[in-house]
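>>> Turn this into a model:
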Amino acid sequence: MKDTATTRSEEETKRWVRGVNVGGWLLAEQYITPYLFAVNTCHLEGDFCWYPGQIGAPENATICDPEVCIPVQKFVQSDGNADYHPRNAKEYVGYPMDEMTLGQTFTKKSVARKYMERHWDTFVTEQNMRDLKKAGVTHLRVPMGFWIRGDVRAGEPWIGGGWPYFVRFAKWCREIGLEIWVDLHGAPGSQNGFDNSGYLMEPHTCKGWSDRPENVQRTVDILTDIVHAILEDDLHDVVTGVGLLNEPMFDCDDDVLRNYYNQGLEIVRTAMGKETSVFVGDMFQSWRFNDGFWADEENTFLDTHQYHVFFETGRAFTPRQHIAYLCRHNSVEVVACCYEDAPNNTIPTKGIRKIVGEWTGAYDSLPTGMAPYIMKTIAETGVAPHLNRTLSKDRTEFVENFVKAQMVTYEAKEDLVSSGWGGAYAEWDFLRGIREGWMPRLPDPTVSSEDLYGTCLEIYNQTNDDYDAIVQEYPDPRDLDWTKYQGWDADDDFVMSDPLIPENRYGPKPTRNHIPWTILVIVAVAGLWCVNRRKDVCNRRGTYEELK
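Below you'll find the model as predicted:
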């Protein structure tokens, strides 16, 4: 994306924005910070011991003694309600899943506040920011829960108090030369039912937000408070962008959401001026906004999130199929909006443009599928598996190509380049990628990724397609319930014609139900389109490597 400080004149030099998400910090997510959610009885008593390898642990950290520190797990009552109690690890039923249940584990709010303060204080360091700047990062997208500044009502479990740590963080970024785009990731009632909103619920829906006027108004008030706090704490020069709502589900009431977006734009513009970027979630269907929405509002962006891990077909792709899918499908989604002459889509609007605000180097493991295994292992052994695993040479080289192809593809419409932060999975960790060589140093802001890395198809032709050496799909497709929806399909001839697709590794194909496209999203993904695959997914698996 061209630097928002410049005009959109074709004669001016483009300056690409290259950002990283600081996820799992001010709104915690279990797959990013598994140890934070592994609450034990020592933590409840204010003895904040650490787990081995936990992010932020000091060198002289006191390690939790599994004989003394008993896991605090879900306890389902006879009426169906659940709370959290100490429970023997051999009877594992589940740690807290989101920030709401994390807060519910603590009977004393004061202890809960101190527990989270330790996380906010240690998860992100000034040196991390310097390392990101050195790697070529220009912007940081910072997710926040609505409770960050203490808007917690009676009976609510939220743990407020993260704002002072954000202020410290912003001052680091100012000194280092990084810009911040804050993002309201969780709204009252939840805009999607994902854990990244603070509530994990089934079914995933926006109805708890958009169908509750009091929750919408509360969100308006919270956004106003955050914007004014940015000014009051003198952070306007470093906070140069505001996200109004992350990943609202496609079942949001369209009129309610757009009215909220319009109110939010007015709040930011009135307080911070037109030079502040404003970005909004696309409901996983960016084409819905290709109807003149904000067509004249400059410095506004429609945020799309692109992942290959949230549909089973994608996790089973061969290495070259991943790149082909980027070249042929993700590239189409990137340019699906926003135009003055829709549906011809030849004249970009003078206002809103597309960005890609989230993506990752991960390609074959489902985070929501892996997390239960990781948390159960912490309960049993005190150690999260895979945190320190070493990527093979073949896997490292593929992830580098996968990352480069995404950067090239997502810059097709001057888009924000963004990746993950920390976590229990190597391929989601930007700084780990820099250290291990699979995340390339980002190009100079005046240089496009394609100029440096080549076209998407050129990267495709350079990609090693050794399925068995590179793809380790998780969950094991043999364990999936194929009578249930497992994600959307792909039928593009170029994508599906890879000659190295393994044949019939797992025997007869499973029976699959066909699910209407209107329930495509079951987790936080974006860029969806409905296609029916011609080849059966379970007839092309590589040898599955069991978790050790």
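>>> Using CSV, list the CA coordinates for the strand or helix carrying Ala379.
Using DSSP states H and E, Ala379 sits in helix 367-381. Output in CSV follows, covering the C-alpha atoms of helix 367-381 (Å, rounded to 0.1, in the frame of the first residue of the first chain):
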residue,chain,number,x,y,z
PRO,A,367,-4.5,-23.7,14.7
THR,A,368,-7.9,-24.5,16.3
GLY,A,369,-7.2,-28.2,15.6
MET,A,370,-3.7,-28.1,17.1
ALA,A,371,-4.6,-26.0,20.2
PRO,A,372,-6.5,-28.7,22.1
TYR,A,373,-3.5,-31.1,21.7
ILE,A,374,-1.1,-28.4,22.9
MET,A,375,-3.1,-27.5,25.9
LYS,A,376,-3.7,-31.1,26.9
THR,A,377,0.0,-31.7,26.7
ILE,A,378,0.7,-28.7,28.9
ALA,A,379,-1.7,-30.1,31.5
GLU,A,380,0.0,-33.5,31.4
THR,A,381,3.7,-32.5,31.2
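>>> C-terminal to it, what's the next element?
helix 393-410.
>>> Tell me the first helix or strand C-terminal of that following helix.
Following helix 393-410 toward the C-terminus (DSSP H and E): helix 430-436.
>>> Determine the set of other helices and strands touching the very next helix or strand once past that following helix.
Where DSSP H and E defines the elements, the next helix or strand beyond helix 430-436 is helix 449-453. Applying 3 or more C-beta pairs under 8 Å, 6 or more residues apart in numbering; DSSP states H and E, one finds that helix 449-453 contacts helix 393-410. The way it works is simple: take the backbone N, C-alpha and C, and place the C-beta from them, glycine included.
>>> And the helix it packs on, how far out from the chain middle?
Here helix 393-410 is found 18 Å from its chain centre; the criterion is C-alpha atoms, centre = their mean, to the nearest Å.
>>> do the same with stretch 350-367
Worked out by C-alpha atoms, centre = their mean, stretch 350-367 lies 8 Å from the chain centre.
>>> Show the end-to-end separation of that stretch, please.
38 Å (C-alpha to C-alpha, to the nearest Å).
>>> Now that stretch: average pLDDT?
Across stretch 350-367, pLDDT averages out at 93.
>>> Also stretch 189-208?
Average pLDDT, stretch 189-208: 94.
>>> Pro445 contacts His139, doesn't it?
No. The criterion here is C-beta atoms under 8 Å, and Pro445 misses it with His139 at 10.2 Å.
>>> And the helix holding Ala379, what does it pack against?
So helix 367-381, by 3+ C-beta pairs under 8 Å, 6+ apart, packs with helix 34-37.
>>> Following the chain past the helix it packs on, name the next helix or strand.
Scanning onward from helix 34-37 (DSSP H and E), the first element met is helix 41-44.
>>> quick revisit: which neighbours do Pro445 and His139 share?
In terms of C-beta atoms under 8 Å, 6 or more residues apart in numbering, Pro445 and His139 are both contacted by the residues 17-18.
>>> gap between Glu275 and Trp172?
22 Å (C-beta to C-beta, to the nearest Å).
>>> same question but for Tyr165, I mixed them up
For Tyr165, the distance to Trp172 - C-beta to C-beta - is 11 Å.
>>> same check, this time on Lys207
39 Å.
>>> now swap in Leu387 and tell me
25 Å.
>>> if we look at stretch 388-397, which residues are touching it?
Contact with stretch 388-397 is made by 53, 399, 426, 436-438, 464, 466, 469-470, as judged by C-beta under 8 Å, 6+ apart.
>>> From these, keep the buried residues only.
Burial by neighbour count, 16 or more other C-beta atoms under 10 Å: within those this picks out 399, 426, 438, 469-470.
>>> So which of those residues is the closest to Pro71?
Ala426 (25.3 Å; C-beta to C-beta).
>>> Spit out the contact partners of the closest one.
Ala426 touches 386, 389, 391, 432-433, 436, counting by C-beta under 8 Å, 6+ apart.
>>> swap in Phe317?
Applying C-beta under 8 Å, 6+ apart, the residues near Phe317 are 308, 325, 363, 471, 495.
>>> List the residues that contact the third one.
By C-beta under 8 Å, 6+ apart, the residues touching Tyr363 are 308-309, 314-315, 317, 322, 399, 402, 427, 471.
>>> swap the cut-off to 10 Å and go again
307-309, 314-315, 317, 319, 321-322, 325, 395, 398-399, 402, 427, 470-471, 473 (C-beta atoms under 10 Å, 6 or more residues apart in numbering).
>>> same check, this time on the last one
Neighbour list for Val495: 313, 317-318, 320-329, 531, 533 [criterion: C-beta under 10 Å, 6+ apart].
>>> all strands of the stretch 1-150 of the chain, in order?
19-21, 72-76, 82-86, 139-145 (DSSP state E, counting those that start in this stretch).
>>> Return the list of strands paired to the last one, each annotated with direction.
Pairing partners of strand 139-145, with direction, according to DSSP bridges: strand 19-21 (parallel), strand 179-186 (parallel).
>>> taking those strands together, which one is wrapped up most tightly?
strand 179-186 (a mean of 26; mean count of other C-beta atoms under 10 Å).
>>> Would you mind writing the CA trace of that one as CSV?
C-alpha atoms of strand 179-186 as CSV (Å, rounded to 0.1, in the frame of the first residue of the first chain):
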residue,chain,number,x,y,z
GLU,A,179,3.9,3.6,13.0
ILE,A,180,0.9,2.0,14.8
TRP,A,181,-2.5,1.1,13.4
VAL,A,182,-4.7,0.2,16.4
ASP,A,183,-7.5,-2.3,15.7
LEU,A,184,-10.7,-2.8,17.8
HIS,A,185,-10.6,-6.6,17.7
GLY,A,186,-13.4,-7.4,20.2
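>>> just how off-centre is the helix or strand that it is followed by within its chain?
Downstream of strand 179-186, the first helix or strand assigned by DSSP H and E is helix 207-210. Helix 207-210 sits 21 Å away from the centroid of its parent chain (C-alpha atoms, centre = their mean).
>>> residues making contact with helix 207-210?
186-193, 197, 199, 201, 215-216, 218-219, 245, 248-249, 251-257, 260.
>>> where's the residue most central in space within the chain relative to Trp25, distance?
Closest to where the C-alpha atoms of the chain average out (C-alpha atoms, centre = their mean) is Glu358, at 5.6 Å. Relative to Trp25, Glu358 is positioned 15 Å away (C-beta to C-beta).
>>> quick one on the thing from earlier: which positions within the helix holding Ala379 qualify as buried?
Quick answer for helix 367-381 (16+ other C-beta under 10 Å): 367-371, 374-379.
>>> what sits against Gly145?
Applying C-beta under 10 Å, 6+ apart, the residues near Gly145 are 26-28, 99-100, 151, 158-160, 162, 184-187, 196-198, 222.
>>> per-residue confidence at it?
97.
>>> For Asn246, grab the count of nearby residues.
27 (other C-beta atoms under 10 Å).
>>> Thought Ser197 was touching it, still the case?
Yes. Counting by C-beta atoms under 10 Å, Ser197 is a contact partner of Asn246 at 7.5 Å.
>>> check which helix or strand covers Glu214.
Assigned by DSSP H and E, Glu214 falls in helix 213-232.
>>> Toward the C-terminus, what is the element adjacent to that helix?
As assigned by DSSP H and E, the chain's next helix or strand after helix 213-232 is strand 239-243.
>>> what's the distance between the helix holding Glu214 and the middle of its chain?
The answer for helix 213-232 is 23 Å, by C-alpha atoms, centre = their mean.
>>> And it, what's buried?
215-216, 218-220, 222-227, 229-230.
>>> gap between Tyr84 and Pro96?
7 Å.
>>> More neighbours: these two, which one.
Counting neighbours by other C-beta under 10 Å for Tyr84 and for Pro96 shows that Pro96 has the greater number, 26 against 21.
>>> isn't that one right up against His85?
No. Counting by C-beta under 10 Å, Pro96 sits too far from His85 to count as a contact (12.0 Å).
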